[in-house]
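**Q** structure here, sequence nowhere to be found:
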């Protein structure tokens, strides 16, 4: 079977379709809490004192505290943050050796754990001693537009009857990334039986290819909407026949065979779950070859060359998932720009059904990432949970606010389309907190495991999550929820959570200085709240420095 033989793309078509599917699968997605044993102890989960600076910085030496203060002060200088990549390039050209030394003693040294697995081990050991786990994140990120995911917009538009060229050197780079991720997965397993490794799908396949695959998924979704004439989220056999005759040239026997494939149990209807299962990238050329005219789906259909590259990308994903499953390491698959996300979701969905299977494992191995600043985040999350219930696999997720706000808005404006991101930070906060409460409530009701990582530096969201844990009787030791912050940031959250027995982790970026700095600079440029966050942290660091100097 092909690695992408069961791709599923299950984002909602519209609110009406979503509501119909929600009620249709309500018996599996919303269950009676009384039917299940409580998963939490009778003890309430305490809210830590996040102002406890002594506990927050207990792992840092005096020198590290002074370095933290200097780094946070630098991050508050807007002109420095916005021009940091340019300054870094100039400094590297003048003296790369000296630049590396300075960075290791400052920004790189504070925000990165080290160059390789051996050098970051002391950091891991130190975190573990204070009840904080480690998420290994190989953070090498090229500053080349094609390999970093910042491909020109014209490179991702569908075209017809034109050979699409891909840089085959990038395939060798993808294989190299695969080896690095495999090593990372095993390194996590060697240090913990409850660890996480993070990967980026743009490191496993050409970003231009991901954009093309995403376009194919989106056009397949739009075709469903065209077949679903009354907009109820279901396609009747009559609607299917009418739509198929309208768009495709086909004889009666072929039409019957196709219809039976989409509705094998003769239910009389086809829902979007089934539709997305049947429209696989490898099948699109066969389907679109009978189109009456070249439309959007035909233009988005992968070529033979692209299908080979898609297969190679999926095979890399499967190798990582298989190894993670073998050694027991959970795999966090990062979210990326909207134009790549449908392809990423397709891969993750495929992997989840294979490796989160409720009949073969007792935990979620594969986690997808949800960026809560997106307008469709809530609907997508709820449908994905329903899908996991329907197909009987554990649900794994990482919740983040979002990492590409500026670039997403700029791209949408340049194309003259609405931004995919909500208009205000308050909407993002509301989406995030609602997603946390939804998953906690569902976890308490589901027979399958629901596991998610609350990846946030927002203290209010963490406090609300603890309140929700208490409301739904979820213990701080439960695998349902864990917390995560970036290394070098929000130690007052991480170490105080660890002190009170919560499952909490630090994202540990690692790699050579020249490879990791583009990653750090992108985070700084994309995070408009970094100045406010570092200002409060700088105050806490100064408080702890003052306490130590007085003692």
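**A** Sure thing, it's come through. This one's a predicted model, so the numbers in the text were calculated from it and none came from an experiment. Numbering: from 1, shown residues only.

**Q** low pLDDT regions in this protein?
**A** 1-43, 140-169, 522-533 (pLDDT under 70).

**Q** show me what contacts residue 344?
**A** Applying Cβ atoms under 8 Å, 6 or more residues apart in numbering, we find residue 344 in contact with 201, 210, 333, 335, 336. No exception for glycine: its C-beta is placed from N, CA and C like everyone else's.

**Q** okay, and the beta partners of the residue nearest the centre of the chain?
**A** By Cα atoms, centre = their mean, the chain has its centre lying nearest to residue 369, at 2.5 Å. Beta-bridge pairing for residue 369 (DSSP bridges): residue 398.

**Q** that one and residue 345 touch, don't they?
**A** No - with contact defined as Cβ atoms under 8 Å, residue 369 does not reach residue 345; the gap is 9.8 Å.

**Q** surely residue 228 touches residue 242?
**A** No - in this structure, residue 228 is not within contact of residue 242 by Cβ under 8 Å, at 11.1 Å.

**Q** contacting residues for the nearest residue to residue 250 once chain neighbours are set aside?
**A** Of all residues beyond its chain neighbours, the one nearest residue 250 is residue 290 (5.7 Å), with distances taken as Cβ to Cβ, 6 or more residues apart in numbering. Residue 290 is in contact with 248, 249, 250, counting by Cβ under 8 Å, 6+ apart.

**Q** out of the residues you listed, which comes closest to residue 397?
**A** Nearest to residue 397 out of these is residue 248 (Cβ to Cβ; 37.1 Å).

**Q** for that closest one, grab the count of nearby residues.
**A** Burial of residue 248 is recorded as 16 neighbouring residues (other Cβ atoms under 10 Å).

**Q** state the distance from the closest residue to it other than its chain neighbours to residue 428.
**A** Leaving aside its sequence neighbours, residue 248 sits nearest to residue 290 (Cβ to Cβ, 6+ apart; 4.7 Å). Residue 290 sits at a distance of 44 Å from residue 428 (criterion: Cβ to Cβ, to the nearest Å).

**Q** do residue 541 as well
**A** 27 Å.

**Q** neighbour count: those two, which is higher?
**A** Neighbours were counted for residue 541 and for residue 428 using other Cβ under 10 Å; residue 541 has more, 27 against 21.

**Q** check which helices and strands the helix or strand containing the more buried one sits against.
**A** Assigned by DSSP states H and E, residue 541 belongs to helix 530-550. Here helix 530-550 touches helix 53-56, helix 62-74, helix 78-82, helix 491-499, going by 3 or more Cβ pairs under 8 Å, 6 or more residues apart in numbering; DSSP states H and E.

**Q** okay, those, which one's buried deepest?
**A** Highest mean neighbour count among the helices and strands packed on helix 530-550 (mean count of other Cβ atoms under 10 Å): helix 491-499, with a mean of 24.

**Q** what helices and strands are in contact with that helix?
**A** Counting contacts by 3+ Cβ pairs under 8 Å, 6+ apart, helix 491-499 packs against helix 53-56, helix 459-471, strand 481-486, strand 504-510, helix 530-550.

**Q** 6 Å - rerun?
**A** Under the contact criterion of 3 or more Cβ pairs under 6 Å, 6 or more residues apart in numbering; DSSP states H and E, helix 491-499 touches helix 53-56, strand 481-486, strand 504-510.

**Q** which elements pack onto the second one?
**A** To tie it back to what came earlier, the one meant is strand 481-486. Contacting strand 481-486 under the criterion 3+ Cβ pairs under 6 Å, 6+ apart are the following elements: strand 450-455, helix 491-499, strand 504-510.

**Q** quick one: the longest one to helix 459-471, angle?
**A** Using axes from the mean of the first three to the mean of the last three Cα atoms, to 10 degrees, the interaxial angle of helix 491-499 with respect to helix 459-471 works out to 20 degrees.

**Q** likewise for the last one?
**A** Put simply, strand 504-510 runs at 140 degrees to helix 459-471, going by the same axes, to 10 degrees.

**Q** what do you get for the first one?
**A** Between strand 450-455 and helix 459-471, the angle comes out at 160 degrees (the same axes, to 10 degrees).

**Q** what are the buried residues along strand 450-455?
**A** Buried residues in strand 450-455, counted by 16 or more other Cβ atoms under 10 Å: 450, 451, 452, 453, 454, 455.

**Q** show me what the third one is bridged to.
**A** Taking DSSP bridges, one finds residue 397, residue 481 as the beta-bridge partners of residue 452.

**Q** test my guess that it contacts residue 439.
**A** Yes - Residue 452 lies in contact with residue 439 (Cβ atoms under 6 Å); the separation is 5.1 Å.

**Q** where do the helices sit along the stretch 101-250 of the chain?
**A** 107-111, 117-129, 145-148, 169-191, 207-227, 237-247 (DSSP state H, counting those that start in this stretch).

**Q** of all those helices, which one comes closest to residue 272?
**A** Across those, closest to residue 272 is helix 207-227 (Cβ to Cβ), at 5.9 Å.

**Q** how far does stretch 328-344 sit from its chain's centre?
**A** Relative to its chain's centre, stretch 328-344 lies at 4 Å (Cα atoms, centre = their mean, to the nearest Å).

**Q** now the helices and strands packed on strand 481-486 in TSV, with distance to residue 127?
**A** Conversion of the helices and strands packed on strand 481-486 to TSV gives the following (distance: least, Cβ to Cβ, whole Å):
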stretch	distance to residue 127
strand 450-455	16
helix 491-499	8
strand 504-510	6
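
**Q** what about the residue lying closest to residue 104 once chain neighbours are set aside, neighbour count?
**A** Spatial nearest neighbour of residue 104, excluding adjacent residues (Cβ to Cβ, 6+ apart): residue 513 at 6.5 Å. Each residue near residue 513 was counted by other Cβ under 10 Å, and the total is 21.

**Q** swap in the one 5 residues further on?
**A** Neighbours of residue 518 under the rule other Cβ under 10 Å: 18.

**Q** out of the helices of the stretch 101-250 of the chain, which gets nearest to residue 197?
**A** Of the helices of the stretch 101-250 of the chain, nearest to residue 197 by Cβ to Cβ is helix 169-191, at 4.8 Å.
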